[in-house]
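**Q** Coordinates for the following, if possible.
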Amino acid sequence: MADQQHESEDELDVLLQHYERQAAADVAAVQQQQGGGARKKQKLSAVEQREEALSQPIAADNKGFKLLAAMGYKQGQKIGKSGSGLAEPLPLLLKQARPQECVRVGRQTHCLMDKLGLGAQSKKAAAREAARQRELEAQQRAEAAAAAAEVARQGQRQDFQQRAAAAAAARRTEGQLRKAQQVCETLDAAAGIHSNVLWAQPPAAAAGAASAAALAAAAAADDLLEQCEPCHKAEAGAAIRAAREEAADCSRLFAAHAEAAAAGNRGGCTAAARSEWQPGSNEDASAADGDEEEQRRLQEWEAFHSLPAAERLARVLAYLRDCHCYCLFCGCRYEDAPDMQQHCPGPSEADHE
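**A** This next block holds a predicted model:
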């Protein structure tokens, strides 16, 4: 029993010694940390003391101040004869040496100290600020250029949409005009009217000129299709198809007039064609009268076809309503003007929507 009690006391002593050593190590670590904080605080206080000392004016018992006072200088007075000098001394800029680059040689580390002169850091800072300003300006210019390019693309897109809409509206108007002219020709023929500039075909000279112009327009459209951007391919293709259709129509008219002229018909027109342009008369005229009549028909045709398609359509529609009581958009012919006024919504397509 005594031996067991002695062994337990030895183990307890060992444990207590271990705890004492651990406590001593902890106390030493705390003291070391507190010592580092004290040194840091002492270093900061030294910097503060230096700044405070530099901010204080020269004492009155200073030899230099006494010499200035003997020369007439007073505290707070500007130096110089005119009194335009400095009242406060220039600030003193202190440069602290600090490691610029550290190199490890073997087990030792050597730090290269920054030995640049006074003002070097400020020059570096100014250079960095200038570089940052240039980078900012370049970024602003790039953003402005990107915004301008986006505005240009939006403008091109809107311009294309407007031109496409205008081209579609023009093709629709041309289609309505051809339909109205066919109806007008049919109703005039039923009424015994064989000539009307609203639906008459062009004379030989006008057909030839129109055919040449249409062929030139088709060739120009082919060139445009090769040069235009992909987003404009659809519009250019529609323009090419329209130009080729017009060229084909004019070529057929020109061929018909040329064939009639080769057959010996006066003025390049058949008898039926002459009757269209001479209302109420199917008799032959002299060669001079034929030339004058051909010139008159050409002038009338050119004057009518020089108008915009919308204006020509409006004239044909007005003629159909006034002379035949017919409405193209209703698709029917009324008994008389009162009947049309009662049942037709109006003269325009918008009135029938």
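**Q** what's the helix or strand where Arg134 lies packed up against?
**A** Using DSSP states H and E, Arg134 sits in helix 120-190. Secondary-structure packing of helix 120-190 (3 or more CB pairs under 8 Å, 6 or more residues apart in numbering; DSSP states H and E): helix 233-262, helix 309-324. For glycine as for every other residue, the C-beta is placed from the backbone atoms N, C-alpha and C.
**Q** worst average pLDDT in those helices?
**A** Lowest mean pLDDT within the helices and strands packed on helix 120-190: helix 233-262, at a mean of 57.
**Q** Let me see the contact set for Arg321.
**A** Cys327, Met340, Pro347 (CB atoms under 8 Å, 6 or more residues apart in numbering).
**Q** if we go to 10 Å?
**A** Residues near Arg321 by CB atoms under 10 Å, 6 or more residues apart in numbering: Cys327, Leu328, Tyr334, Ala337, Met340, Gln341, Cys344, Pro347.
**Q** ok, now Cys327?
**A** 317, 320-321, 333-334, 340, 343-347, 351-352.
**Q** Domain ranges for the chain, per the record?
**A** Per automatic domain parsing, the structural domains of the chain span 141-192+308-353, 194-306.
**Q** what about the last one, how long is it end to end?
**A** Taking CA to CA, to the nearest Å, the first and last residues of domain 194-306 lie 23 Å apart.
**Q** And the contacts of Arg321, which is closest to Leu68?
**A** Pro347 (105.4 Å; CB to CB).
**Q** Tell me if I'm right that Arg297 and Ala200 touch.
**A** Yes - because the distance of 7.5 Å satisfies CB atoms under 10 Å, Arg297 is recorded as touching Ala200.
**Q** more neighbours, the two?
**A** The residue with more neighbours, out of Arg297 and Ala200, is Arg297; 24 against 19, by other CB atoms under 10 Å.
**Q** Tell me, what's the model's pLDDT at Gln181?
**A** pLDDT at Gln181 comes out at 88.
**Q** What sits closest to it if chain neighbours are left out?
**A** Trp199 (4.0 Å; CB to CB, 6 or more residues apart in numbering).
**Q** Make sure that neighbour is actually in contact with Leu313.
**A** No - Trp199 is not in contact with Leu313 according to CB under 10 Å; the separation is 12.0 Å.
**Q** Name the residues contacting each of these two.
**A** With CB under 10 Å, 6+ apart as the test, Trp199 and Leu313 both reach Leu177, Arg178, Ala180, Gln181.
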